[in-house]
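K.L.:
Below is the structure, and that's it, no one-letter string:
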């Protein structure tokens with residue numbers, strides 16, 4: 001299974017998670033929840049703000065999603081994708097159209113949340129957790 005990981009860090013801050021830590025936490029979680037995961041990591045957006053989706057790695061991830069290169073998108077926190085609700089809603093619609101699951105790494109150990117499962121009503125299934 002191909003899993004896209006999208007980390008982002010807009011600026012240096014000793015209190016926020018590094019790109020490497022975000023990727024490691026997403027990999028650790030997905031390793032427990034999915035059989036034979038293969039990762040595509042879109043980690044070139046360090047220093048870009050979440051105000052806009054006009055970011056190089058994000059744009060490449062969207063192109064790869066539309067080309068069918070992955071079945072799951074995982075990110076550390078929702079605001080890594082976007083801080084704009086409209087942009088986030090458009091992404092969820094796009095993921096659903098392409099039958100791609102969206103997994104949010106939760107902030108407590110050993111848990112994560114499927115926000116969107118392929119082939120289901122995302123609103124109904126929001127919040128179901130993968131126990132790995």
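P.N.:
That came through, no problem. Not measured: the values here are computed from a predicted model.
K.L.:
What about residue 28, how many residues nearby?
P.N.:
15 (other CB atoms under 10 Å). Every C-beta, even on glycine, is put in place using the N, C-alpha and C of the backbone.
K.L.:
In a strand, residue 4, correct?
P.N.:
Yes - applying DSSP: H, G, I helix; E, B strand; the rest coil, one finds residue 4 inside a strand.
K.L.:
Settle this for me: it is touching residue 70, isn't it.
P.N.:
Yes - contact criterion CB atoms under 8 Å: residue 4 and residue 70 qualify, at 4.2 Å.
K.L.:
Now do the shared contacts for those two.
P.N.:
The contact sets of residue 4 and residue 70 overlap at 40, 64 (CB atoms under 8 Å, 6 or more residues apart in numbering).
K.L.:
what about residue 63, neighbour count?
P.N.:
If you count neighbours by other CB under 10 Å, residue 63 ends up with 10.
K.L.:
Give me the phi and psi for it.
P.N.:
Dihedral pair for residue 63: phi -60, psi -40, per degrees, to the nearest 10.
K.L.:
Okay, it and residue 40: tell me how far apart.
P.N.:
12 Å (CB to CB, to the nearest Å).
K.L.:
Give me the secondary structure label for residue 31.
P.N.:
helix.
K.L.:
What's the local residue count around the closest residue to it other than its chain neighbours?
P.N.:
Of all residues not flanking residue 31 in the chain, residue 37 sits nearest, at 6.2 Å (CB to CB, 6 or more residues apart in numbering). When neighbours are defined as other CB under 10 Å, residue 37 has 17 of them.
K.L.:
Could you report the pLDDT at residue 37?
P.N.:
Predicted confidence (pLDDT) for residue 37: 95.
K.L.:
repeat for residue 107
P.N.:
At residue 107, pLDDT is 56.
K.L.:
pLDDT averaged over the strand or helix carrying residue 73 - what is it?
P.N.:
Using DSSP states H and E, the element containing residue 73 is strand 72-75. Here strand 72-75 scores 93 as its mean pLDDT.
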